[in-house]
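J.: predicted model and sequence follow; I will ask about them next.
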Amino acid sequence: MEFFQVVTVAQARKVLASHWPRLKRKSVVCELTQALGLELAEDIVAQENVPGFTRSTVDGFAVRSCDTFGASEGTPVPLRMIGEVPMGSRAEMVLNRGEAVAVSTGGMLPLGADAVVMLEHTETLPGGWLNVLKPVAPKENVMAEGEDVKKGETVLKAGCRLRPQDLGVLAALGHWKVKVWEPWRVGILATGNEIVPVEAQPGPGQVRDINSYTLWGLVKSCGAEAKLYGIVPDDLSYLSERLAQALEESQVVLLSGGSSVGTRDLTLRLLSHWGEEGLLFHGVSIRPGKPTLAALIQDRMVFGLPGHPVSAMVSFYLFVSPLLKYGRYQDPEEEPAVEATLARRLSSDAGREDYVRVRLARGEDGGLVAVPLPGKSGLISTMVQADGFIRIPLEKAGLEAGSRVKVRLFI
Ligand SMILES: Nc1nc2c(c(=O)[nH]1)N[C@H]1C(S)=C(S)[C@@H](COP(=O)(O)OP(=O)(O)OC[C@H]3O[C@@H](n4cnc5c(N)ncnc54)[C@H](O)[C@@H]3O)O[C@H]1N2
Ligand code: MOO
């Protein structure tokens, strides 16, 4: 008997993506050191050139490149040294034909110079003269004004997640504060009478709470704020109360356990209690993760993730993390993945997408091999051993040994 009205991954993602824009959060202005990993809330258009002046990229001598043509060890070109550019100051002098100015890496080029000869390709002569032993081309060893960033250029787009190099370009442009979206606040609730806190010694029939911690880690790795709401026993009024509290403080709530079809599977009943029309789907044609459900409660999104630790994680990867990270589902081509050769045959049922944990190893030819890690979805150790997972698409009834697969990495 089929209890779920299962949908495909694509259908579930479509409905989630269409409702996601209803979730609201504020933008805030914060200092650069607070902004790492957050989403930019504005386009950044350069108001100035970077660098703001033409600079040397080596220690040496600023010259007119045409003066150095034909220079070699055997036929050095003598130039008259007219001074030195002090670091961090304007190059005050003007370079005329036959002249050279000492300049350090990063120093400003004087007017008239268009290239820099490296120190190693010169010899200093007495009386303020210099021999150039190798010619330089125009612009050689020089970083031109605006070569890094041009005034008027859009360097970062609103919505991008700030990486260390993005903080760098903001710093280069003088943005010591930046407008970002507040991180999503995600509440996490574990359900089940058998679940005990991590610090407890489980009695017969009890297990420690794994999902609160795997989900907490996953949420944090998406750049969102995670808050644990503890373990709730299988009791509708308790669960309802704790969910209300989590909804008050979060835009997204993750419930783990109790999403299947057993008599004590309360999540569905609870969400129905909050309004049947909010249920977006219940059941997805995947393994593991089939009893995943999602609901919209006002402008909050609730995910009922399966209780089995592997299933909860896979379900999170497929449905929750792209929304938290990017506000959309990525094209599979964009996902961080590596290609590998499947070590052995895998079977699956057509009409269902399978996500198989794999370990990466080196084959005899040095290429990457994906070694499947068989195991039930209750075994967290299989996730510990795995480097990522592969997908067996809906229409396939398995994958042959030796086939090329894309391993989506757990990073
Ligand atoms: N008759 C059916 N039974 C089950 C079906 C089904 O379709 N028909 N689906 C199975 C699948 S697949 C999964 S996955 C599980 C999911 O069940 P629930 O989401 O209702 O979760 P629970 O029953 O509460 O728990 C399942 C399993 O996971 C353990 N668990 C739960 N929470 C935690 C936690 N925080 N830390 C560690 N372990 C946890 C729990 O003790 C159970 O062993 O249902 C199958 N059954
Ligand atoms: O979805 Mo269950 O997640 O197959 O173990």
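T.: Received, thanks. Ligands and ions are numbered 1, 2, ... in the order given.
J.: touching, Ala340 and Arg408? I think so.
T.: No - under the criterion of C-beta atoms under 8 Å, Ala340 is not in contact with Arg408, lying 11.1 Å apart. C-beta: built from backbone N, CA, C; applies to glycine.
J.: ok, those two, which is more surrounded?
T.: Ala340 (23 against 20; other C-beta atoms under 10 Å).
J.: for the protein, which residues are neighbours of ligand 1?
T.: By C-beta under 6 Å from any ligand atom, the residues of the chain that approach ligand 1 are 190, 192, 194-195, 207, 209-212, 256-261, 265, 288, 290-291, 306-309, 311, 377-378.
J.: ok, and of these, which contact ligand 2?
T.: Okay, of the residues of the chain next to ligand 1 touching ligand 2 (C-beta under 6 Å from any ligand atom), that's Pro288, Lys290, Pro291, Pro306, His308, Ser311, Ser377.
J.: and Gly351, how far is that from ligand 1?
T.: Separation of Gly351 from ligand 1 (C-beta to the nearest ligand atom, to the nearest Å) stands at 15 Å.
J.: hmm, back to that, let's have the ones next to ligand 2 among the residues of the chain next to ligand 1 in TSV, adding distance to Met143, neighbour count and secondary structure.
T.: Compiled in TSV, those are given as follows (distance: C-beta to C-beta, whole Å; neighbours: other C-beta atoms under 10 Å; DSSP: H, G, I helix; E, B strand; the rest coil):
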residue	distance to Met143	neighbour count	secondary structure
Pro288	53	22	coil
Lys290	57	18	coil
Pro291	58	27	coil
Pro306	55	25	coil
His308	56	23	coil
Ser311	53	26	helix
Ser377	54	22	coil
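J.: after the worst-scoring helix or strand of the chain on mean pLDDT comes which helix or strand?
T.: Ranking every helix and strand in the chain by mean pLDDT, DSSP states H and E puts helix 266-275 at the bottom, with a mean of 71. With elements assigned by DSSP states H and E, the helix or strand that comes after helix 266-275 is strand 279-282.
J.: can you show me the CA trace of that next one as PDB?
T.: Taking C-alpha atoms only, strand 279-282 is exported to PDB below (Å, rounded to 0.1, in the frame of the first residue of the first chain):
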ATOM      1  CA  LEU A 279       1.700  21.400   3.100                       C
ATOM      2  CA  LEU A 280       3.800  21.600   0.000                       C
ATOM      3  CA  PHE A 281       4.600  17.900  -0.400                       C
ATOM      4  CA  HIS A 282       4.900  14.700   1.700                       C
END
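J.: quick one: the helix or strand just after that strand near ligand 2?
T.: For strand 279-282, the following helix or strand on the C-terminal side (DSSP H and E) is strand 286-287. Yes - using C-beta under 6 Å from any ligand atom, we find that strand 286-287 touches ligand 2 at Arg287.
J.: distance check, the residue of the stretch 251-400 of the chain at minimum distance from ligand 1 against Leu255.
T.: In the stretch 251-400 of the chain, no residue comes nearer to ligand 1 than Gly307, which is 2.3 Å away by C-beta to the nearest ligand atom. Distance of Gly307 to Leu255, given as C-beta to C-beta, to the nearest Å: 10 Å.
J.: what do you get for Val50?
T.: 48 Å.
J.: same deal with Gly230?
T.: Shown here: Gly230 relative to Leu255, a distance of 12 Å by C-beta to C-beta.
J.: neighbour-wise, which of those two wins?
T.: Legend: neighbour count by other C-beta under 10 Å for Gly230 and Leu255, higher for Leu255 (31 against 12).
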